[in-house]
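*Asks:* starting from these lines, generate the structure:
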Amino acid sequence: MLSPKSAELVEATLPAVGASIGEITKLFYARMFADHPVLLRHMFNRGNQANGTQAQALAGSVAAFASGLLAGQQPDAMMRRIAHKHVSVGVTSGQYAVVHKYLLAAIAEVLDVTPEIGAAWSEVYWLMADALIGLERFLPRGQQDHRVIARFQETEDVVTFVVRPLDGPVPPNKPGQYVSVHVPLPDGARQIRQYSLSGRTDDALQFSVKRDGEVSNHLHDFAAVGSTLKLSQPAGDLTLEPGTGPVLLASAGIGCTPMISMLAELAATGSPRQVIAVHGDRDQFTHAFRAELTQLVAKLEDAQAHVFYERPVGQWPTERTGLVDLADVPVPLDATAYLCGPVPFLRAMRAQLLDKGVTDIHYEVFGPDLTR
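*Replies:* Okay, the predicted model is just below:
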């Protein structure tokens, strides 16, 4: 908990910090990368740095954590999500001190705060950092070389890779998790990207990549069968939890990958649970795992699929044309909802589910988390 004096100062300055957080994080990253360029080349996603989404995500997480402290509540789901991402890209406990140095200096410079206010925000930072370090201590770490044993073209811009460790068994994994792929690029940088596991395999890992950016393009063009890829241990807290209650699996675009993984697990185990699978895409030809969705739903005792296309090709039901709309999709109040897709989709689904009275909602977003 924050000390009483720090809580008073943080509460008084939170609006000002929130209003200036974009400027603060921009200065923070610029100074840190100038002094530690290896972080940008080999750890941080330089695409997200260029478009500013990483700065927005950092800003949102710090503000959310500070608000939670003032309300006496720690945002546990957010912290778990960050911890898994940190471990998957190889963040170490010592790097928190580096971030602290540049972040607090940026706050002090942008807002011209007093030493007392700076110390209060330093307390917020270390409470957040210590909580994350504690969570990360219990998550599996490390990278391992894997051989690409197969690759499949799912759609024009989505490829599935099947990989197996060069040494040792396939690492433990759960439906819904992702792997971080460490990719050396032609300019010498080593960039890291996360890709969800997209199927159920016993002796290999399977993940799918949409062509969208320098790393995914590199994998599409150069990760041939027989090549080697360095993968992190599977990570991520959006996992299919055991139970007997209804399950909603809702996705859009390439967000179908963790949902297909969960659906495959439910089908393989002969689950009697009620399953509602919902997916939105541009059209039938951009919909990765379209055939698998139909096949897996057919294998389940009590399952149905609702697919929406924005611009369907040929005959398609009018009520399933356009963006995903849950208005006439029956979702039980006690359903556990798993969501994955672009941020606007996640926000829309969450709002529609809350309107229906569904509150057990879990999500995964590709890239920085801007859903707060």
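*Asks:* same for the biggest helix by length in the chain, what does it pack against?
*Replies:* Identified as the longest helix of the chain according to DSSP state H is helix 4-35. Counting contacts by 3 or more Cβ pairs under 8 Å, 6 or more residues apart in numbering; DSSP states H and E, helix 4-35 packs against helix 37-42, helix 53-71, helix 95-111, helix 115-136. All C-beta atoms are positioned from the backbone trio N, CA, C, and that covers glycine.
*Asks:* and the angle from it to helix 53-71?
*Replies:* Interaxial angle, helix 4-35 versus helix 53-71 (axes from the mean of the first three to the mean of the last three Cα atoms, to 10 degrees): 170 degrees.
*Asks:* partner strands of the longest strand along the chain and their direction?
*Replies:* Longest strand of the chain, by residue count under DSSP state E: strand 143-155. As defined by DSSP bridges, the strand partners of strand 143-155 come to strand 158-165 (antiparallel), strand 228-232 (antiparallel).
*Asks:* tell me the gap between that strand and the middle of its chain.
*Replies:* How far strand 143-155 lies from its chain's middle: 20 Å, per Cα atoms, centre = their mean, to the nearest Å.
*Asks:* next: stretch 136-143.
*Replies:* Relative to its parent chain, stretch 136-143 has a centroid offset of 17 Å by Cα atoms, centre = their mean.
*Asks:* average model confidence for it?
*Replies:* Throughout stretch 136-143, pLDDT has a mean value of 92.
*Asks:* what comes up buried for it?
*Replies:* Within stretch 136-143, the residues that qualify as buried are 136, 143, counting by 16 or more other Cβ atoms under 10 Å.
*Asks:* residues in contact with that stretch?
*Replies:* With Cβ atoms under 8 Å, 6 or more residues apart in numbering as the contact definition, stretch 136-143 has outside contacts at 83-84, 86-87, 90-91, 93, 171-172, 180, 182, 230-235.
*Asks:* now with 10 Å, please.
*Replies:* Residues outside stretch 136-143 that contact it (Cβ atoms under 10 Å, 6 or more residues apart in numbering) are 80, 82-93, 171-173, 179-182, 192, 229-235, 237.
*Asks:* C-alpha coordinates for that stretch, CSV please?
*Replies:* Presented in CSV, the C-alpha positions along stretch 136-143 are these (Å, rounded to 0.1, in the frame of the first residue of the first chain):
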residue,chain,number,x,y,z
GLU,A,136,7.3,-13.2,-13.0
ARG,A,137,9.4,-15.2,-10.5
PHE,A,138,7.0,-18.1,-10.8
LEU,A,139,6.6,-18.1,-14.6
PRO,A,140,8.7,-20.3,-16.9
ARG,A,141,11.5,-18.5,-18.6
GLY,A,142,14.0,-19.1,-21.3
GLN,A,143,14.3,-19.5,-25.1
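*Asks:* which of the three states applies to P171?
*Replies:* P171 falls in the coil class when you classify it by DSSP: H, G, I helix; E, B strand; the rest coil.
*Asks:* go on, the one 10 residues further on?
*Replies:* Per three-state DSSP, the local secondary structure of V181 is strand.
*Asks:* got any ranges where this structure has weak pLDDT?
*Replies:* Scanning the chain for pLDDT under 70 picks out 45-57, 366-372.
*Asks:* can you give me the buried ones in stretch 138-158?
*Replies:* 143-144, 146, 148, 151, 154-155, 157-158.
*Asks:* single out the most deeply packed of the strands paired with strand 143-155.
*Replies:* For the strands paired with strand 143-155, the largest average neighbour count (mean count of other Cβ atoms under 10 Å) is found in strand 158-165, namely a mean of 21.
*Asks:* show me how far that strand is from its chain's centre.
*Replies:* On the basis of Cα atoms, centre = their mean, strand 158-165 sits 19 Å off its chain's mean C-alpha point.
*Asks:* what are the buried residues along the longest helix of the chain?
*Replies:* In terms of neighbour count (16+ other Cβ under 10 Å), helix 4-35 has its buried residues at 6-7, 9-10, 13-14, 17-18, 20-21, 24-25, 27-29, 31-33.
*Asks:* if anything else comes up later, I'll come back, but that's it for now.
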